[in-house]
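Q: I would like to see how this sequence folds:
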Amino acid sequence: ASSAMQTSTGAAALLLLLLLCASTAAALRLPSVPLIVNSPYNSVWLPADNLTDTWAVHWSGPVKALCGALRIDGADLYRFMGPAGPGGCMSAPAMQQTSVVVTATTTVFTFTDWRILFTVNFTTPSMQNNPTAAALPITYITFSVVSLDGRAHNVAIYYDNTAEHVVRDVSEDVQWSAAVGGGSDGLVGARFGTQAQALLGQTSDLINWGFQYTVTRADQVSANTVCGSQAARQAFASRQPLPAWDTRQPRACNDDWPVAAFTWTVAATAQAAQSVSLIFAYDEVASIKYFGLALAPWWRTQYTDAMQMLLAAQQKQASLVGAAQVYDDVVARQVAASGYGVGEAYAELCVAAFRQTVGATATVWHPQLNQVWTFMKEISSDGDVSTVDVIYPASPLFLMLSPGALQRMMLPLLAYANNQTNIPYNLPWAPHHLGTWPICDITPDKQEQMPMEETANLFLMLAALAQIQGSAVTKSYLTPYLPLLRDYASYLNASLPDPGNQLCTDDFEGPSPHNVNLAAKGIVGLAAFGLLLKSLGQADWQVPYTQAQLYVPQWMRMAIDDDQAHYRLQYNLPNTWSQKYNFMFVYILGIDDLIPTVIMELEDDYYMQKMNPYGVPLDSRATFTKLDWSSWVAAMGTQKEFEAIITALVRFVEETPNRVPMSDWYDTLTARQIGFQARPVVGGLYARALVASQRERRLKHARV
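A: All right, here's what the predicted structure looks like:
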């Protein structure tokens, strides 16, 4: 079949739309561009500006090759995806890329030749207002062509992906089969998987179990096959039919590099854009092992198998892609409206952080509890499962866009802490994490102990959820955990106002005894517990809140530096300073009576004195900073301070020489990555937008 889907958008309208998108969403040069970002395992990025500059890679670095080429009117051959040369996609010139536009769920590359305009869209329907769609392990890849010179043109399109997406090491044996379903107007394609299929058998950043699917509409595709990469690409380049299906399997992934290859023929006109598409999907079969119990992806409870899911995704493609476009626009506008004079730049940062944040999660079904749970991976800094002090900085995105998702992240942590697993948890404070991805099996003595840090983090997130979701929802899931939470609050209260020699979330800097910022978190966390008790209908809710208020003057007296102009890094270290990002939840929760405004007024003024070209250092010990925490102190500052810090963060993202998914730990003098990449903590960029959203929510409630 060679028919293509005709859009209702005319060529002129399409071109105008692309130009408008480019003008509003493409100004930010990302160090790495999201392509296929569904989960910590199925996470493919472009570490370059142009789709033809280099191979796509996993967030951790290994190549996950995608190759694309086209021929116009049977003559001119161009690459549009993948590098040239030996070991590359094809030895053909790169088509001129004119823009790349990144929105929350979609990345659009635009190419031009004097005859045609060609676009490649990667849409992952991870809209947080549609949890079932967001849980689908799919990305739609759409190729659209429109004539620019007013003449009809015949455009042949080629795509392939290797089996690298299913292996930890390219020497592993892979096998493949046809993926067919739905009849003549259904889907055709290929399924890759390793021969070994060691389900949940290792704790690597790369997966080597489950199955990767590439499928397209049977009534659109000209041909498809699985064969060696060189044979498939040379066949298209030399105008020959694709080779027959390769039967030499299983074999090593790097043995003649088997690829799933497809060709389409599109008649480009000036009247309407013509599109063909495919679905790239990964069926993990099981995503998490929770203390011995394998948990399957949530979507598997709604479909009999992956092929049924893919057929449903194909039928819903127009509606899901349309919903994604609407969602992206709403998110960008809402964020921009909170960003003062740098609203557009702030929105670009938040949009760039969206897939990096939600793509670090996996949503599963717990068959014994009949509950949907979500886990988050501590990407790159560690492989931990559901690290509380990683969920915490990421939480502004979820509190604003999907509080239900954050609630689902709390459930496996609460169950573990409440001794609902086969490993007793006997510590008087909240756990740090659940294990090493994807295995939850940690014993209490193996935890990285952060008593005040994680206990306060838990209270702060639960209290914010309670404000947003309301008392009824809060009682429905938290009431069984009230005794546990009271025990944690007792520990927290006994540890204030000085946490002593404890680790905090910035553990990469080493111990920081008598940490002032950590103490601030403990105080705000205790107040948050009081608010949580109120939501749970407890009469004594004012007791912890009042106690937290009493700690504030002590904190101020112990923390103020000798110059009376800022607060110290540690109570006992004069002439030091640090970002006091832990006051952020005062603003999120709207508890303005907890701390005097002078605290952050002094702090924010002091930060401006320490500003470097790429931001404010984290503290007085080094010139590096944390992007998430910097965005939080910006959110608490004046308009001038917010604009200055956000401008510096934008400058870092655009100028860092490290082409990796956004790093959150970098040097403020050089913009060079110190460590960490692709971490979900960049969801913290939404803090300012969340504060604005929360303020509006409280105003609405006050009017009722």
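Q: When you work out contacts or count neighbours from here on, use the C-alpha atoms and nothing else.
A: Fine.
Q: what secondary structure does residue 328 sit in?
A: On the three-state scheme (DSSP: H, G, I helix; E, B strand; the rest coil), residue 328 is labelled helix.
Q: right, and it touches residue 107 too?
A: No - if you go by C-alpha atoms under 8 Å, residue 328 and residue 107 don't touch, sitting 11.1 Å apart.
Q: Tell me if I'm right that residue 429 and residue 451 touch.
A: Yes - with contact defined as C-alpha under 8 Å, residue 429 counts as touching residue 451 (5.4 Å).
Q: And the helices in the stretch 501-650 of the chain?
A: 516-535, 542-559, 584-589, 598-609, 627-636, 639-655 (DSSP state H, counting those that start in this stretch).
Q: Mind listing residues that contact the fifth one?
A: Taking C-alpha atoms under 8 Å, 6 or more residues apart in numbering as the criterion, the residues outside helix 627-636 that touch it are 393, 579-581, 584, 587, 600, 604, 615-616, 618, 641-643, 645-646, 649, 663-666, 681-685, 687-688, 691.
Q: Quick one: distance of it to the chain centre.
A: Chain-centre distance of helix 627-636: 18 Å, with C-alpha atoms, centre = their mean, to the nearest Å.
Q: just the angle between it and helix 598-609, please?
A: Taking axes from the mean of the first three to the mean of the last three C-alpha atoms, to 10 degrees, one finds helix 627-636 and helix 598-609 inclined to each other by 120 degrees.
Q: Pull helix 627-636 out as PDB, backbone CA atoms only.
A: C-alpha atoms of helix 627-636 as PDB (Å, rounded to 0.1, in the frame of the first residue of the first chain):
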ATOM      1  CA  LEU A 627      19.700  23.800  39.100                       C
ATOM      2  CA  ASP A 628      16.600  22.600  41.000                       C
ATOM      3  CA  TRP A 629      17.500  24.400  44.300                       C
ATOM      4  CA  SER A 630      18.500  27.500  42.400                       C
ATOM      5  CA  SER A 631      15.100  27.600  40.800                       C
ATOM      6  CA  TRP A 632      13.500  27.300  44.300                       C
ATOM      7  CA  VAL A 633      15.400  30.300  45.700                       C
ATOM      8  CA  ALA A 634      14.400  32.200  42.500                       C
ATOM      9  CA  ALA A 635      10.800  31.300  43.100                       C
ATOM     10  CA  MET A 636      11.000  32.800  46.700                       C
END
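Q: Which secondary structure element of the chain has the lowest mean pLDDT?
A: helix 11-25 (a mean of 45; mean pLDDT, DSSP states H and E).
Q: Which is the succeeding secondary structure element to it?
A: Moving toward the C-terminus from helix 11-25, the next helix or strand (DSSP states H and E) is strand 33-37.
Q: Not counting sequence-adjacent ones, nearest residue to residue 211?
A: residue 193 (4.8 Å; C-alpha to C-alpha, 6 or more residues apart in numbering).
Q: The one you found: which element?
A: Using DSSP H and E, residue 193 maps to strand 187-194.
Q: if we can go back for a sec, which of the helices of the stretch 501-650 of the chain sits most buried?
A: Among the helices of the stretch 501-650 of the chain, the stretch with the highest mean neighbour count (mean count of other C-alpha atoms under 10 Å) is helix 516-535, at a mean of 27.
Q: so what does that one touch, helix or strand wise?
A: When contacts are defined as 3 or more C-alpha pairs under 8 Å, 6 or more residues apart in numbering; DSSP states H and E, helix 516-535 sits against helix 451-469, helix 471-478, helix 482-494, helix 542-559.
Q: For those, give me TSV that also has distance to residue 378 and mean pLDDT.
A: Formatted as TSV, these follow (distance: least, C-alpha to C-alpha, whole Å; pLDDT from 0 to 100):
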stretch	distance to residue 378	mean pLDDT
helix 451-469	15	97
helix 471-478	25	97
helix 482-494	24	98
helix 542-559	31	97
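Q: possible to save these as JSON lines with distance to residue 357?
A: Output for the helices and strands packed on helix 516-535, formatted as JSON lines (distance: least, C-alpha to C-alpha, whole Å):
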{"stretch": "helix 451-469", "distance to residue 357": "17"}
{"stretch": "helix 471-478", "distance to residue 357": "25"}
{"stretch": "helix 482-494", "distance to residue 357": "27"}
{"stretch": "helix 542-559", "distance to residue 357": "32"}
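Q: tell me the pLDDT at residue 704?
A: Per-residue pLDDT puts residue 704 at 55.
Q: So that it lines up with my notes, have the first residue be 38 from now on.
A: Got it, the first residue is 38 from now on, which makes the last one we talked about residue 741.
Q: measure the residue nearest to residue 248 to residue 577 for me?
A: Distance, residue 230 to residue 577, by C-alpha to C-alpha, to the nearest Å: 56 Å.
Q: Compare these two (neighbour count), which wins?
A: Per other C-alpha atoms under 10 Å, whichever of residue 230 and residue 577 has more neighbours is residue 230, with 25 against 11.
Q: thought the more buried one was touching residue 251?
A: No - look at residue 230 against residue 251 with C-alpha under 8 Å: they stay out of range, at 12.0 Å.
Q: circling back to that earlier point, for the strand holding residue 230, what is the distance to the chain centroid?
A: With C-alpha atoms, centre = their mean, you get 26 Å for strand 224-231.
Q: For the helix or strand that that strand is followed by, list the C-alpha coordinates in PDB.
A: Later in the chain than strand 224-231, the nearest helix or strand by DSSP H and E is strand 248-254. C-alpha atoms of strand 248-254 as PDB (Å, rounded to 0.1, in the frame of the first residue of the first chain):
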ATOM      1  CA  PHE A 248      10.200  -6.500  23.800                       C
ATOM      2  CA  GLN A 249      10.600  -3.400  21.600                       C
ATOM      3  CA  TYR A 250       8.000  -2.900  18.900                       C
ATOM      4  CA  THR A 251       8.100  -0.800  15.800                       C
ATOM      5  CA  VAL A 252       4.800  -0.800  13.900                       C
ATOM      6  CA  THR A 253       3.100   1.200  11.200                       C
ATOM      7  CA  ARG A 254      -0.300   1.200   9.400                       C
END
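Q: now for strand 248-254, which elements pack on it?
A: So strand 248-254, by 3+ C-alpha pairs under 8 Å, 6+ apart, packs with strand 224-231, strand 311-320.
Q: List the neighbouring strands of it plus their orientation.
A: Using DSSP bridges, strand 248-254 pairs in its sheet with strand 224-231 (antiparallel), strand 311-320 (antiparallel).
Q: What strands flank the next helix or strand after it, and is each parallel or antiparallel?
A: Once the chain leaves strand 248-254, the next helix or strand it forms, by DSSP H and E, is strand 258-265. Here strand 258-265 is paired, per DSSP bridges, with strand 295-305 (antiparallel).
Q: Just the residues contacting the partner strand, thanks.
A: Applying C-alpha under 8 Å, 6+ apart, the contact partners of strand 295-305 are 39-41, 153, 182-184, 189-200, 226-227, 251, 257-266, 269, 311-313.
Q: tell me the mean pLDDT for the helix or strand hosting residue 350?
A: If you go by DSSP H and E, residue 350 is part of helix 343-352. For helix 343-352, mean pLDDT rounds to 97.
Q: Just the angle for that helix relative to strand 248-254, thanks.
A: Per the same axes, to 10 degrees, the angle that helix 343-352 makes with strand 248-254 is 40 degrees.
Q: counting contacts, what elements does helix 343-352 pack onto?
A: Short answer (3+ C-alpha pairs under 8 Å, 6+ apart): helix 343-352 packs on strand 311-320.
Q: right, and the helix or strand after the strand it packs on?
A: strand 325-327.
Q: Direction included, what does whichever helix or strand comes after that following strand pair against?
A: Downstream of strand 325-327, the first helix or strand assigned by DSSP H and E is strand 330-332. Strand 330-332 pairs in its sheet with strand 325-327 (antiparallel), by DSSP bridges.
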